[in-house]
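Asker: Build the 3D model from these lines:
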Amino acid sequence: MSEEARLREQICDLAKSLFDRGLTHGSTGNISARTADGGLLVSPTGTSFGRLDPSRLSRFDSEGRHVSGDKPTKEMPLHTAFYDTRSQAGAVVHLHSCHAVAWSMMPDVNEDDFLPPLTPYAIMQLGRVKLLPFFRPGDPAMGEAVRGLAGKRTAVMLANHGPVVAGKDVEAACNAIEELEATARLAMLTCGCRPRQLKAEEILDVVTTFNVEWEA
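Answerer: Coordinates of the predicted model:
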């Protein structure tokens, strides 16, 4: 099996795992990954994460031209914005996971630090998550908002919509977006209960020990 064939299978297997565990539903969500030649494999528009076909993934060449496969997701501006501003990005995942979306609707959520510091794991895998305003699905302005961050964030939360995470490869991106959803779930479960959060010095220790990108 070629390297690209393995990547196609991995994308579909990970997407199905996310779907089977309810992290996205119906035909929501999209996923992409860099190929060895600098191109992209992207989930097609209107497809379910539970039923992606490796042979029908949208294929882009290194110049950004759609060269084979089905029509790509309408959220391509989001994906290309991360690839263009973060040279180390090897994959991008966007979900409509319920707890993250619910947390984005809560009053007084910190736009510059969307997830409260409840555990070290979201810090380790995501750094600070930026909450972006609501955009119509497919609006190219979402991509421009990501570009405006100048590559300083690995993850953003689209208000009333869903999270978007870039990772060094497709497995890392999927792991990180799962951590985002898990932390948002904890935030919702403890909302109004005044939970103990990590202290500033504890956060700094995690950031320093694990070499986390952490914009002050």
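
Asker: Now do the contacts for Trp132.
Answerer: No, residue 132 isn't Trp; it's Leu. Met142, Ala145, Val146, Val156, Met157, Leu158, Ala159 (CB atoms under 8 Å, 6 or more residues apart in numbering). Placement of C-beta: from N, CA and C, glycine included.

Asker: Among those, which pair sits farthest apart?
Answerer: Using CB to CB, the pair of these lying farthest apart is Val146 and Ala159, separated by 13.8 Å.

Asker: So for those two, which sits in the more crowded spot?
Answerer: Val146 (27 against 17; other CB atoms under 10 Å).

Asker: Within the helices and strands, which one has that one?
Answerer: Secondary structure here is read from DSSP states H and E; on that basis Val146 sits in helix 141-147.

Asker: Who are the packing partners of the following helix or strand past that helix?
Answerer: Reading on from helix 141-147 to the C-terminus, the next helix or strand found by DSSP H and E is strand 155-158. If you count contacts as 3 or more CB pairs under 8 Å, 6 or more residues apart in numbering; DSSP states H and E, strand 155-158 packs onto helix 98-104, strand 130-132, helix 141-147, strand 162-167, helix 170-189.

Asker: now, of those, which is deepest in the fold?
Answerer: Most buried of these by mean neighbour count (mean count of other CB atoms under 10 Å) is strand 162-167; its value is a mean of 27.

Asker: Tell me the helices and strands packed up against it.
Answerer: Identification of packing neighbours for strand 162-167 by 3+ CB pairs under 8 Å, 6+ apart yields helix 76-85, strand 91-94, helix 98-104, strand 155-158, helix 170-189.

Asker: So Leu18 is in contact with Phe49, correct?
Answerer: Yes. Contact status for Leu18 versus Phe49: in contact at 5.7 Å, counting by CB atoms under 8 Å.
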